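Trainee: Have a look at this fold, sequence not included:
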C-alpha cells in the first residue's frame, strides 16, 4: 500500500499524460506486432486502471451510493482517498454518500475540503448547498447556490437548491420569481413545479397552486402522488390524506413526508394513539427528524401535555431558527390561558419570520378580538377567510371577531364552518358551546360542551396508550440531541 500511495502522489495530470503516451506506444506496437484487438483493448484498460485507480474506485463508489448501497460506497471512497488523498472525485462522492446517509454535518465538512482544494468546481458548491439546507443553514445554502450559479449558470440544480433555501426562510415570493426564471432553462421541470406549488399554497393561493400542479404534467409518478397528497392535506381533507397514503412503502423516497402527513391527519381526526405512533416511528427512524418533532408536538398540544409540548418547541427552535410552528403553538397555549400579552409577543416573532402565514395572522386576530379591537379584528378576519377558505383557524378567528362585536349568530355560523373543516377539535366545540350559551341556548351548549370533553378524553387516552409502548423518556432524550438535520422541501443534489 505504501508503494501505491507513493505512486499516486504523482500529480493526476502527469498520470493522464503518461496514460496518453503509453496508449500511443500500444498503438505503435499494434501496428508493428499486429496485436489482436482484444489484447489491445485489455492493455488500454489495464493501463487506465493502474494509472487512475483512485478515480476508478471513486466512480464505482458513486454508483453504489446512487443505487442505495451507501455504506459500501462510503468505504470505497475512503479507500480511494487513502491511495490519493484529496482526490476530487473520491471526495465529492464521499460527501454525497454522507448526504444520502443523512449525515449532513459530515457532508458539509467533506465539501469544505473539496471547495478549499478545488474552488472552481461548481458541483461541490451544489452539494454543499443541499447539505447546508438539511442543517437549516439557509444563508450558507443560498451563498453556495449563488457561487455555483456564478461558475455554471446553466446548471439548474443550483437554482432548485436555492429555491429550497428560500422556502426554508419563508421567502415565497422571491422563490416564485427564481423558479419563473428557471422555466426558460427547461431542466428539472418536476422539481420546479413542486416548489412552485408549495410556495403558492403557503401564499394562500391554493386553487392556483392546485390548477398549476395539475397542468404541469409532472413525469415522476412518486412526485406526482406526493403533490396530490400534500394538496389534499392543505384542503383539510384528512381522511382522504390517509386513504391516498395508505399504500406507501416505508422504503420509498418520500416515506418520511407521508408519515408526517399521516400523523398530522390522525391528530386532526382525533386519533391520538395513531398520531403518536406515526410520529414516534419518524423519530425511531431518525431521532433528529424535524418532521417527527413537529408531528409529536402537535399531538401533545392537542392532548394538553403542556410541559412536553413546550420542551419539543424549544428543541425545534434549536433545530431551525426560521421555524414558525413553535411560535404558533406557544401563542395558542397563551390564548387558551387568556395571556394575550405573551401570545402577542410570540405571534410577532413568528410573523417577523413569515409575514404571509395565515395561521399566525389568524391567531393574531383572536388576540386582537380579545383585547377590545373587535372591529379591526373583524376586517382582518374577513380578509383571511376570503383567501383561506379551507383553513379552520381562520374561521375560528372570524368567529372570535364576530363574538367581540356581539354578532352572535354570525359567530355561530363561522365556528360551524371551522368545525366542518376540523371536526374533532375539542377547542372548537368549547368555543361553540360558549357562543350557544351567549345566545341563551343552554341545553345545546351543554350538549356540545359534553361532546367536546368526550373528544378530548378519547384523544388523551389514545396518546397515553401509545406512550405506554415507549418506556424510554424520549422527550428528555430529544432535548440532549445535537443540532443536526431535518427534512424539507424538494432540492436536487449532484
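Mentor: Arrived safely, thanks for sending. In this text, all values refer to a predicted model and were calculated from it rather than measured experimentally. Residues are numbered from 1 along each chain as shown.
Trainee: can I see the domain layout of this structure?
Mentor: Split into domains by automatic domain parsing, the chain comes to 220-323, 332-459.
Trainee: want to throw those domains into TSV with distance to residue 123 and mean neighbour count?
Mentor: C-beta coordinates here come from the backbone N, C-alpha and C atoms, glycine included. Formatted as TSV, these follow (distance: least, CB to CB, whole Å; neighbours: other CB atoms under 10 Å):
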stretch	distance to residue 123	mean neighbour count
domain 220-323	22	20
domain 332-459	32	19
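Trainee: between those, which gets nearest to residue 209?
Mentor: With CB to CB as the criterion, residue 209 lies closest to domain 220-323 of these, at 7.0 Å.
Trainee: can you give me the end-to-end distance of the closest one?
Mentor: Domain 220-323 has an end-to-end distance of 29 Å (CA to CA, to the nearest Å).
Trainee: what about the strands in the stretch 351-494 of the chain?
Mentor: Under the criterion DSSP state E, counting those that start in this stretch, the stretch 351-494 of the chain carries no strands.
Trainee: Dump the domains of the chain to a markdown table, plus distance to residue 212.
Mentor: Below are those laid out as a markdown table (distance: least, CB to CB, whole Å):
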| stretch | distance to residue 212 |
| --- | --- |
| domain 220-323 | 10 |
| domain 332-459 | 17 |
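Trainee: Could you report the separation of residue 289 from residue 134?
Mentor: Here the criterion is CB to CB, to the nearest Å. By it, residue 289 lies 11 Å from residue 134.
Trainee: show me what contacts residue 433?
Mentor: The contact partners of residue 433, by CB atoms under 8 Å, 6 or more residues apart in numbering, come to 445, 446, 448, 449, 452.
Trainee: could those be laid out in a markdown table, adding distance to residue 154 and pLDDT?
Mentor: Below are the contacts of residue 433 laid out as a markdown table (distance: CB to CB, whole Å; pLDDT from 0 to 100):
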| residue | distance to residue 154 | pLDDT |
| --- | --- | --- |
| 445 | 65 | 95 |
| 446 | 68 | 96 |
| 448 | 61 | 95 |
| 449 | 63 | 94 |
| 452 | 58 | 94 |
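Trainee: Where among the domains of the chain is average confidence lowest?
Mentor: Mean pLDDT is lowest for domain 220-323 among the domains of the chain, at a mean of 86.
Trainee: sorry, back to before: so which of the domains of the chain comes closest to residue 63?
Mentor: Of all the domains of the chain, domain 220-323 comes closest under CB to CB, at 18.1 Å.
Trainee: so how far is the closest one off the chain centroid?
Mentor: 11 Å (CA atoms, centre = their mean, to the nearest Å).
Trainee: Check stretch 396-415 too.
Mentor: Distance, centroid of stretch 396-415 to centroid of chain: 35 Å (CA atoms, centre = their mean).
Trainee: how long is it end to end?
Mentor: End-to-end distance of stretch 396-415 (CA to CA): 6 Å.
Trainee: Same check on stretch 298-316?
Mentor: 12 Å.
Trainee: right, and residue 146 touches residue 159 too?
Mentor: No. Shown here, residue 146 and residue 159 do not form a contact pair, counting by CB atoms under 8 Å, at 10.0 Å.
Trainee: where does residue 119 land in three-state SS?
Mentor: Recorded secondary structure, residue 119: coil (DSSP: H, G, I helix; E, B strand; the rest coil).
Trainee: Report the contact partners of it.
Mentor: Applying CB under 8 Å, 6+ apart, no residues contact residue 119.
Trainee: make it 10 Å
Mentor: The contact partners of residue 119, taken as CB atoms under 10 Å, 6 or more residues apart in numbering, are 125, 147, 151.
Trainee: What score does the closest residue to the last one other than its chain neighbours have for pLDDT?
Mentor: Yep, that's residue 151 we're talking about. The shortest distance from residue 151 to any non-neighbouring residue, by CB to CB, 6 or more residues apart in numbering, is to residue 122 (3.8 Å). Looking at residue 122, its pLDDT stands at 91.
Trainee: Phi, psi for residue 122 please.
Mentor: Listed backbone geometry of residue 122 is phi -70, psi -20, with angles given as degrees, to the nearest 10.
Trainee: re the thing from before, between the contacts of residue 119, which sits nearest residue 271?
Mentor: Among the contacts of residue 119, and counting by CB to CB, the member closest to residue 271 is residue 125, at 44.7 Å.
Trainee: count of residues packed around that closest one?
Mentor: 27 (other CB atoms under 10 Å).
Trainee: can you tell me the helix or strand for it?
Mentor: helix 122-134 (DSSP states H and E).
Trainee: and that helix, what does it pack onto?
Mentor: helix 88-101, helix 104-117, helix 138-151, helix 157-168 (3 or more CB pairs under 10 Å, 6 or more residues apart in numbering; DSSP states H and E).
Trainee: Give me whichever of these is most buried.
Mentor: Highest mean neighbour count of these: helix 157-168, a mean of 27 (counted as mean count of other CB atoms under 10 Å).
Trainee: ok, the nearest residue to residue 361 once chain neighbours are set aside to residue 247 distance?
Mentor: Distances taken as CB to CB, 6+ apart place residue 384 nearest to residue 361, at 5.8 Å, with adjacent residues excluded. With distances taken as CB to CB, residue 384 is found 36 Å from residue 247.
Trainee: do residue 458 as well
Mentor: Distance from residue 458 to residue 247, by CB to CB: 27 Å.
Trainee: host element of the closest residue to residue 216 other than its chain neighbours?
Mentor: Nearest residue to residue 216 in three dimensions, chain neighbours excluded: residue 193, at 3.7 Å (CB to CB, 6+ apart). Assigned by DSSP H and E, residue 193 falls within helix 189-202.
Trainee: go on, residue 65?
Mentor: Going by DSSP H and E, residue 65 is part of helix 53-66.
Trainee: Next, the buried residues of that helix.
Mentor: By 16 or more other CB atoms under 10 Å, the buried positions in helix 53-66 come out as 53, 54, 55, 56, 57, 58, 59, 60, 61, 62, 64, 65.
Trainee: Could you tell me the model confidence score at the fourth one?
Mentor: Among the per-residue scores, residue 56 shows a pLDDT of 73.
Trainee: what about the stretch 51-200 of the chain, any weak spots by pLDDT?
Mentor: Residue ranges of the stretch 51-200 of the chain with pLDDT under 70: 51-53, 183-186.
Trainee: who touches residue 417 in this structure?
Mentor: Applying CB under 10 Å, 6+ apart to residue 417 gives the contacts 385, 389, 392, 394, 395, 396, 398, 399.
Trainee: let's see it at 6 Å
Mentor: residue 395 (CB atoms under 6 Å, 6 or more residues apart in numbering).
Trainee: and what of residue 175?
Mentor: So residue 175 contacts 163, 166, 167, 199 (CB under 6 Å, 6+ apart).
Trainee: give me that answer again for 7 Å
Mentor: Residue 175 makes contacts with 163, 166, 167, 195, 199, as judged by CB atoms under 7 Å, 6 or more residues apart in numbering.
Trainee: Okay, and it sits in which element?
Mentor: Using DSSP H and E, residue 175 falls within helix 172-182.
Trainee: Report the buried residues of that helix.
Mentor: 172, 175, 176, 178, 179, 182.
Trainee: And those, which is closest to residue 462?
Mentor: residue 172 (35.1 Å).
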